[in-house]
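# Model the structure of this input:
(one chain, ligands or ions: 1)
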Amino acid sequence: MSDIQRSISRLLHFARQKGLIAPDDEVYAANRLIDVLGVEEYVPHAVDETLETATPVLEEMLDDAAARGLIENTVNERDLFDTRIMDCVMPRPSEVVREFRAHYAASPQEATDWYYRLSIASNYIRKTRIDRNIAWKTATEYGDLDVTINLSKPEKDPRDIAKAKLAKASSYPKCLLCRENEGYAGRANHPARETHRLIPLDLCGVPWFLQYSPYTYYNEHCIILNGDHVPMQISRHTFENLACFLRLFPHYFAGSNADLPIVGGSILSHDHYQGGRYTFAMERAATEKEYVFKNYPTVRAGRV
Ligand SMILES: [Zn+2]
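The predicted structure is shown next:
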């Protein structure tokens, strides 16, 4: 039992260091943790360490929870449970939005730097897993090509697959992108999103949201999503929205997958774009054909 007490102290220490909680939140966060972890009291332990991510502490807590029968020791149950644990040390959505806006007033880059660090500290982006991805560039006759092998999505445990099959059909949230995911506890066939925090955006007068992809495969891989669950459709609005986003975040790129199955986005039922702080091969490629717009002489467009 003393080990779990030490783990709680370690997590509170980590959350303080990463700015997830303030000193005034510590007792409250400790009490939430003992409830989730099923222990009766909290006995603080001295901690002197600096961790890059919460993973080592969460692993201790998950092993302990599995040993005590709080969870079944499967990947999905562990992922659902460690998200519940991290939620105990998370700021509320309104606090995140307020702080993001305060940083944005200084500079858009300061705001996204802060938000990206938060998304890793909260374990919403599972950095320890993402770091396993393999990425390299390879020279081709068309220019350098980016190749990424995504190893961060864990292999499914047969016990999890069996549970997902038995799970009753649910249409809440409507999809993996809907804003109703914010704070959702997840289930056998839907990931936990208690630590998910969205940033509201105004794109051409319409409510949109900014978030990072939890399965990021390039630097600061963000998703720009419509406030409503409406299907993807490339239209004039797409270009207006992308230009609008770049005015708000000039240090990012923004683009859209095709609104077509297989070759296009993986979630076509919800309008969204991709963005981030990365220069793709497509941006470096030479222009094959340039297009000129008579009424917009300052706009440059081309096919690469
Ligand atoms: Zn949706």
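# gap between the residue nearest to the spatial centre of the chain and the ion?
With distances taken as CA atoms, centre = their mean, the residue of the chain nearest its centroid is Pro214 (3.4 Å). To the ion, Pro214 is 15 Å away according to CB to the ion, to the nearest Å. For every residue, glycine as well, the C-beta is placed using N, CA and C.
# Same question for Ser170.
13 Å.
# Run through the residues that contact Met90.
20, 122, 194-195, 197 (CB atoms under 8 Å, 6 or more residues apart in numbering).
# Quick check: phi and psi at it.
phi -100, psi 150 (degrees, to the nearest 10).
# Ile223 now?
phi -120, psi 130.
# mind checking the SS state of Cys77?
Careful, residue 77 is Glu; it's not Cys. Three-state call for Glu77 (DSSP: H, G, I helix; E, B strand; the rest coil): helix.
# List the contacts of the residue nearest to the centre of the chain.
So Pro214 contacts 124-126, 191, 196 (CB under 8 Å, 6+ apart).
# Let's have these in CSV, adding neighbour count.
Conversion of these to CSV gives the following (neighbours: other CB atoms under 10 Å):
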residue, neighbour count
Tyr124, 21
Ile125, 24
Arg126, 23
Pro191, 17
His196, 22
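# What's the local residue count around the closest residue to Arg277 other than its chain neighbours?
Using CB to CB, 6 or more residues apart in numbering and skipping residues adjacent in sequence, the residue nearest Arg277 is Glu220, 4.0 Å away. Look at Glu220: counted by other CB atoms under 10 Å, it has 19 neighbours.
# Can you verify my assumption that Glu220 contacts Phe249?
No - taking contacts as CB atoms under 8 Å, Glu220 lies outside contact range of Phe249: 10.0 Å.
# Quick check: neighbours shared by the two?
With CB under 8 Å, 6+ apart as the test, Glu220 and Phe249 both reach Thr112.
# And Ile262, how close does it get to Leu268?
In this view, Ile262 and Leu268 are 10 Å apart by CB to CB, to the nearest Å.
# In terms of neighbours, single out the busier of these two.
Between Ile262 and Leu268, counted using other CB under 10 Å, Leu268 has the larger neighbour count: 17 against 6.
# so what's that one up against?
Contacts of Leu268 by CB under 8 Å, 6+ apart are 231-232, 259-261.
# follow-up on the earlier one: in three-state terms, label the residue nearest to Arg277 for me.
What three-state DSSP gives for Glu220 is coil.
# cool, the one 5 residues further on as well?
At Leu225 the chain is in strand, as set by three-state DSSP.
# Identify the bridge partners of it.
Note on Leu225: beta-bridge partners Phe209, His272, judged by DSSP bridges.
# What number of residues are in the vicinity of it?
23.
# ok, now Pro23?
Around Pro23 there are 7 residues (other CB under 10 Å).
# Fine, thanks again, bye for now.
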